[in-house]
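>>> Pasted the sequence and its predicted model underneath.
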Amino acid sequence: MFQSQTGCYAKDRRAAIHRLGDRFDCSQNPEILVAFVYALNDADESVRAKAADEIGDQIGRHPDCAVPEVVAALKVALGDCDGAVKREVRQALASCGIDVVRGRKGDCARPAEKCVTTAAVVPGTDADTKSPIEQTAAVVPMESDESAAREGFPGLTKCVKSLKQSRPIVTLQKMFSVR
């Protein structure tokens, strides 16, 4: 298992993943699934494809190994840029009983407006006139100080003078009594 994660060369990591899949079963040694999921994130595409292949083989032999974490990792791996990895992931998901439907262009991208949740808006309310960003914003912009804006420069000088007024400075020594 150590070699599958730390091997210097991709061929060594791929061979270690293959040995784990052949020598152990996930029902007796569920930790091999962790190594396979880790390998799904490998930098080399051949290691990722081998990991997906071994996950599919293990789940084919032991359907009880199709735990939600492994299925979720496989679903994420569907977004891989390599075609061989995608093919192995689709086969592994088929072993889990999940059918993968490909789009016309082969990608899973959706329009952005369908990804953002929309809130119900009552016509004639303030929410009706706000943009989607303003409706979902977590930070509310500060309201401008209209009185200072009307006063112009004199209002600014008053504000600066109030900042310059001496304020009592409390030191840490005064805040905490020394025992």
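Cool, got the structure.
>>> which residues touch stretch 9-21?
Stretch 9-21 has contacts (CB atoms under 8 Å, 6 or more residues apart in numbering) with 1, 3-5, 7, 32, 35-36, 39, 42-44, 46-47, 50-51, 53-54, 57-58. (Each C-beta comes from the backbone N, C-alpha and C, glycine too.)
>>> longest helix anywhere in this protein?
In the chain, taking DSSP state H as the definition, the longest helix is helix 45-61.
>>> returning to that earlier point: so how do I select the buried members of the contacts of stretch 9-21 in ChimeraX?
Restricted to buried positions by 16 or more other CB atoms under 10 Å, the ChimeraX selection for those reads:
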select :1,4,7,32,35,36,39,42,46,47,50,51,53,54,57,58
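>>> if I look at Ser4, how far off is Cys65?
For Ser4, the distance to Cys65 (CB to CB, to the nearest Å) stands at 17 Å.
>>> before we move on, what about Ala35?
13 Å.
>>> what does Cys26 give?
For Cys26 relative to Cys65 (CB to CB), the value is 4 Å.
>>> can you list residues touching both of the two?
With CB under 8 Å, 6+ apart as the test, Cys26 and Cys65 both reach Leu33, Gln58, Ile59.
>>> between Cys26 and Cys65, which one's more packed in?
Relative neighbour count places Cys26 above the other of Cys26 and Cys65, with 24 against 19, counting by other CB atoms under 10 Å.
>>> That concludes my questions; thank you for your assistance.
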